[in-house]
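Novice: Sharing a sequence plus its predicted fold:
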Number of protein chains: 2
Amino acid sequence: MGQIKEIKPAYTEARCGKHLAATEDALYVIGGKWTLRIVIAVLSDHRRFNDLQRTIKGISARVLSSELKDLELNGLVKRVVLTDQKPVVTEYLPTEYTRTLKDVISALADWGEKHKKKITRKE
Amino acid sequence: MGQIKEIKPAYTEARCGKHLAATEDALYVIGGKWTLRIVIAVLSDHRRFNDLQRTIKGISARVLSSELKDLELNGLVKRVVLTDQKPVVTEYLPTEYTRTLKDVISALADWGEKHKKKITRKE
């Protein structure tokens, strides 16, 4: 049996590894099915649970509740309880850190738009 | 019972809807657990099945195979069979369209790097 020889440019290999690792770090936090959808809604001033559920089509209350808890833990959502109102109101607000995701969302939205055009042209 | 009144700036609402829709279009295609990881590996000149599986930690052969088929259908991977070699070799190559994802990947990788720094600082 012959030896398997693979010659690969180190630059590409290193860049691939770095990109893969950093992208995986990002996807680990925001790659869930709903995460970015919730982040966009929160960034767009949807503050209340019911409002968020209405905006994000198809999400169940149970999943939204659990996702909001995760986002809060990651510092991507701030949960504020307004006790000066009756009944007490809970709001979910974006943080400074949430805003760092804007570039990611813009890039995704741009690509999504292009992709839609491409597909619509095809059919 | 009082009426529920909600006043929201139309601009934000419209932008949210547009962003949500475009981002969902994007996530529909590239939001899967493995999709972007495979795209990055293919863009980084990992061309063969075994090579891809080695590069993308944790992916099973069954899933990789099915993902590559989906990517091919979406024009994000080109499957090339090199018949001039024995045994016949199959390679997966990026397309022009794959390269349109570079902005998305860069944005994600940048954010992932920042996020890692943030987390490392904290602990």
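Specialist: Thanks, I have it. Since we're looking at a predicted model, the values are computed, not measured.
Novice: middle-most residue in chain A, spatially?
Specialist: With distances taken as Cα atoms, centre = their mean, A:Leu36 lies nearest the centre of chain A, 2.4 Å away.
Novice: Look up the closest residue to it, ignoring the ones flanking it.
Specialist: A:Ile30 (5.5 Å; Cβ to Cβ, 6 or more residues apart in numbering or on different chains). C-beta coordinates here come from the backbone N, C-alpha and C atoms, glycine included.
Novice: Check A:Ala109 too.
Specialist: Residue nearest to A:Ala109 in three dimensions, not counting chain neighbours: B:Ala22, with 4.0 Å by Cβ to Cβ, 6+ apart.
Novice: residue contacts, that neighbour?
Specialist: A:108-110, A:112-113, A:116 (Cβ atoms under 8 Å, 6 or more residues apart in numbering or on different chains).
Novice: hang on, it in a helix?
Specialist: Yes. Counting by DSSP: H, G, I helix; E, B strand; the rest coil, B:Ala22 falls inside a helix.
Novice: who touches A:Arg37 in this structure?
Specialist: By Cβ under 8 Å, 6+ apart, the residues touching A:Arg37 are A:56, A:59, B:20, B:23-24, B:27.
Novice: will you turn those into a markdown table that also has distance to B:Phe49, pLDDT and neighbour count?
Specialist: As requested, the contacts of A:Arg37 are exported to a markdown table (distance: Cβ to Cβ, whole Å; pLDDT from 0 to 100; neighbours: other Cβ atoms under 10 Å in any protein chain shown):
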| residue | distance to B:Phe49 | pLDDT | neighbour count |
| --- | --- | --- | --- |
| A:Ile56 | 37 | 89 | 19 |
| A:Ile59 | 36 | 94 | 19 |
| B:Leu20 | 36 | 77 | 21 |
| B:Thr23 | 31 | 84 | 25 |
| B:Glu24 | 31 | 82 | 18 |
| B:Leu27 | 26 | 84 | 19 |
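Novice: What is the most widely separated pair among the residues you listed?
Specialist: Using Cβ to Cβ, the two most remote members of the contacts of A:Arg37 are A:Ile59 and B:Thr23, lying 14.4 Å apart.
Novice: Do a quick rundown of the strands in chain A.
Specialist: Assigned by DSSP state E, chain A shows strands spanning A:78-82, A:89-93.
Novice: give me the low-pLDDT residue ranges for chain A?
Specialist: By pLDDT under 70, the low-scoring segments of chain A are A:1-17, A:122-123.
Novice: Helices of that one, start to end?
Specialist: Per DSSP state H, chain A carries helices over the ranges A:10-30, A:35-43, A:49-55, A:61-73, A:96-99, A:102-122.
Novice: That'll do, ta.
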